[in-house]
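Chemist: Based on what follows, work out the 3D shape:
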Amino acid sequence: MIYRSKAPLRIGLAGGGTDVSPYSDQFGGAILNATLSLHAHATIETIAEKKIIIRSIDQQKEQVFEWQNQLPINGELDLLKGVYNRIQKDTPFEITGFILSTFVDAPAGSGLGTSSTLVVAIIGAFAEMLKLPLGDYDIAHYAYEIERTDLQLAGGRQDQYAATFGGFNFMEFYANDKVIVNPLRIRQDYLNELENNLVLYFTDTCRESAKIIKEQQKNVTDKNIASIEAMHQLKEQARMMKEALLVGKLDQIGEILDFGFQQKKNMAANISNSQIEEVYSAAKHAGATGGKISGAGGGGFMIFYCPGNTRYQVIDTLTRFGGRIRSYQFTQHGLTTWKIR
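Modeler: Numbering: from 1, shown residues only. Reported below is the predicted structural model:
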């Protein structure tokens, strides 16, 4: 049998960083994000050999183990092994053997939530195989626990919920792991215009988000006033973005993105750098009214809002920096799983 799953990557449109503890525990966080037609894919194929084979196709890595209940966490393919270990611990199972293969449509560390989305996809494949009775909130929280508790990886909460639910969502984050996902009913013509005007640009660099996030967390713990105030403003930005999308104030989106970009740089060092600033300035000079770094910052993908027909001039300008424009569509579906014989 073959069990498959796919989960969509996301772009954060507003509120980024306010989903990270301890800020969200103390003050409550709010984020608005949307999923894209870029996915993390997972496949489990049962085999006759008493082996566990795990492979990341996009990273060109593979490990082979004799059947065992817990795989070693050692820095190699730990996301894949971490999901198996947790499911095996909570719901012990034994089959002859299996191959777990994964592929992600964007590079790791590029700011589209690749790691968390991959964890969601892997959980989905195991849930399909084992018929686990998990709802959307269950899967998202499960993914969060595997990453943050089991594997001790620094990060927030939005990615797991975006990948599981899909679509445009206004998310609220509180203490005690309380998360509320509010799906947004946005008019299709507004979505079409947003999709037309929002340019997704890959800087051709990746970064380790954990360092930036750990500094952000330390700033909250140390009561860094400037950093905490920036997070307050980003939370307000999420509410501003929600209103603009729901009532069709699309001409304000670039300004709202720009407001958030300026605030985000006050959360922690290395969120921006000279290269990012040069790209951002050039895009605005070419006609973009605002933009942001996707994810924790430091590199990866950027988005720019380009009203009217300015997208073409902005794209021409961005390509001169050596990065790549990535085509996409917004998606309304989250985690999807299926099986074939």
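Chemist: Just the residues contacting the lengthiest helix in the chain, thanks.
Modeler: In terms of residue count, the longest helix belonging to the chain (DSSP state H) is helix 225-247. For helix 225-247, contacts defined as CB atoms under 8 Å, 6 or more residues apart in numbering pick out 13-18, 23, 27-32, 168, 170, 184-186, 190, 194, 216, 219-220, 249-250, 252-253, 256, 259-260, 263-268. C-beta: built from backbone N, CA, C; applies to glycine.
Chemist: Can I get the buried part of these as one ChimeraX selection?
Modeler: Buried members of the contacts of helix 225-247, defined by 16 or more other CB atoms under 10 Å, are picked up in ChimeraX with:
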select :13,14,15,16,17,18,23,27,29,30,31,32,168,170,186,190,194,216,219,220,250,252,253,256,259,260,263,264,265,266,267,268
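Chemist: what ranges do the strands span in the stretch 151-300 of the chain?
Modeler: Under the criterion DSSP state E, counting those that start in this stretch, strands of the stretch 151-300 of the chain are mapped to 168-173, 179-183, 198-202, 290-293.
Chemist: Just name the most buried of those.
Modeler: Comparing these by mean neighbour count (mean count of other CB atoms under 10 Å), strand 290-293 comes out on top with a mean of 25.
Chemist: got a list of contacts for that strand?
Modeler: With contact meaning CB under 8 Å, 6+ apart, strand 290-293 is reached by 12, 16, 111, 253-261, 264, 271-272, 276, 280, 283-284, 299-305.
Chemist: Direction included, what does that strand pair up with?
Modeler: strand 301-305 (antiparallel) (DSSP bridges).
Chemist: list the buried ones in whichever helix or strand comes after the partner strand?
Modeler: Using DSSP states H and E, the helix or strand that follows strand 301-305 in sequence is helix 310-319. Buried residues in helix 310-319, counted by 16+ other CB under 10 Å: 310-311, 313-315, 317-318.
Chemist: what does stretch 51-71 give?
Modeler: By 16+ other CB under 10 Å, the buried positions in stretch 51-71 come out as 52-56, 58, 63, 71.
Chemist: ok, so of those residues, who is nearest K178?
Modeler: Among the buried residues of stretch 51-71, L71 lies closest to K178 (CB to CB), at 31.5 Å.
Chemist: Pretty sure the closest one sits against I53.
Modeler: No - L71 is beyond contact range of I53, at 11.2 Å (criterion: CB atoms under 8 Å).
Chemist: could you give the angle of the strand or helix carrying T35 to strand 301-305?
Modeler: In this assignment (DSSP H and E), T35 forms part of strand 29-46. Computed by axes from the mean of the first three to the mean of the last three CA atoms, to 10 degrees, the angle separating strand 29-46 from strand 301-305 equals 130 degrees.
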